[in-house]
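Colleague: Build me a model:
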Amino acid sequence: MEVDNSVREAYKNGKLTSSQRVEIETRLLVDGDIPDVLSSVCEHLTGKVMTKICESMDMTKVLFWDVECDDIKSDDRTTETKARYDVLTKMKLDNHVKVRTCRRCGSVTKDYYAEILDGNRTSNELEHPPPTWLLHVQKNCVCLGSWIISS
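Modeller: Okay, here's the model as predicted:
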């Protein structure tokens, strides 16, 4: 409400017509240009408003909030019979393969680093390591969430 009132006040003080407001807001959304008439509102948002928000929240609760939805993951099959698919390679994973699970969306991917460190790779697999792109994209999930190591 406070931000909305600040924007209205800025438009009123700038004596802008409707077409000028539309043009300003279009440039704001499309190009990311902050017009001079709204600079005071942006300063207010990044200053006082964000300070109030940051002071009232516990960042550890935000970062470690459990986002796993039981209704999405619930299934009558047991974990032994449930088919798992790698979110990055779209390949079916064996049950014995070590995986990383996304904290945000629950997707899984094969943990290549664990196999290399544990020495579970065959000599043929060591001669043909996973492609560089796969090791690179394995840093984050496709939803940009963080991985946790699971089995």
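Colleague: Poorly predicted segments of this structure, please.
Modeller: Filtered on pLDDT under 70, the chain yields the residue ranges 67-82, 115-128, 151.
Colleague: Show me the strands in it, by range?
Modeller: 84-85, 92-93, 99-102, 108-110, 147-150 (DSSP state E).
Colleague: Determine which of the ones you listed approaches S19 most closely.
Modeller: strand 99-102 (45.6 Å; CB to CB). From N, CA and C alone the C-beta is placed, and that goes for glycine too.
Colleague: isn't L38 right next to I24, touching?
Modeller: Yes. Contact criterion CB atoms under 8 Å: L38 and I24 qualify, at 7.2 Å.
Colleague: May I see the domains of the protein written out as residue ranges?
Modeller: The chain breaks down by automatic domain parsing into domains covering 2-56, 70-150.
Colleague: As CSV, those with distance to F64 and mean neighbour count would be great.
Modeller: Output for these, formatted as CSV (distance: least, CB to CB, whole Å; neighbours: other CB atoms under 10 Å):
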stretch, distance to F64, mean neighbour count
domain 2-56, 17, 12
domain 70-150, 8, 13
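Colleague: need those in TSV with distance to V62, can you?
Modeller: Listed next are these as TSV, based on distance: least, CB to CB, whole Å:
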stretch	distance to V62
domain 2-56	11
domain 70-150	12
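Colleague: Out of these, which is closest to L63?
Modeller: Proximity to L63 (CB to CB) singles out domain 70-150 among those, at 9.1 Å.
Colleague: On the strand side of things, show who R100 bridges to.
Modeller: T109, I149 (DSSP bridges).
Colleague: OK, contacts around it?
Modeller: Going by CB atoms under 8 Å, 6 or more residues apart in numbering, R100 touches V108, T109, K110, D111, Q138, W147, I148, I149, S150.
Colleague: and the gap between it and D66?
Modeller: Computed as CB to CB, to the nearest Å, the R100 to D66 distance reads 17 Å.
Colleague: Check T101 too.
Modeller: Per CB to CB, T101 is found 12 Å from D66.
Colleague: Likewise for D86?
Modeller: Counting by CB to CB, the separation of D86 from D66 is 23 Å.
Colleague: And G145, by the same measure?
Modeller: G145 is 13 Å from D66, where distance means CB to CB.
Colleague: again with I53
Modeller: 22 Å.
Colleague: Repeat that for D58.
Modeller: D58 is 15 Å from D66, by CB to CB.
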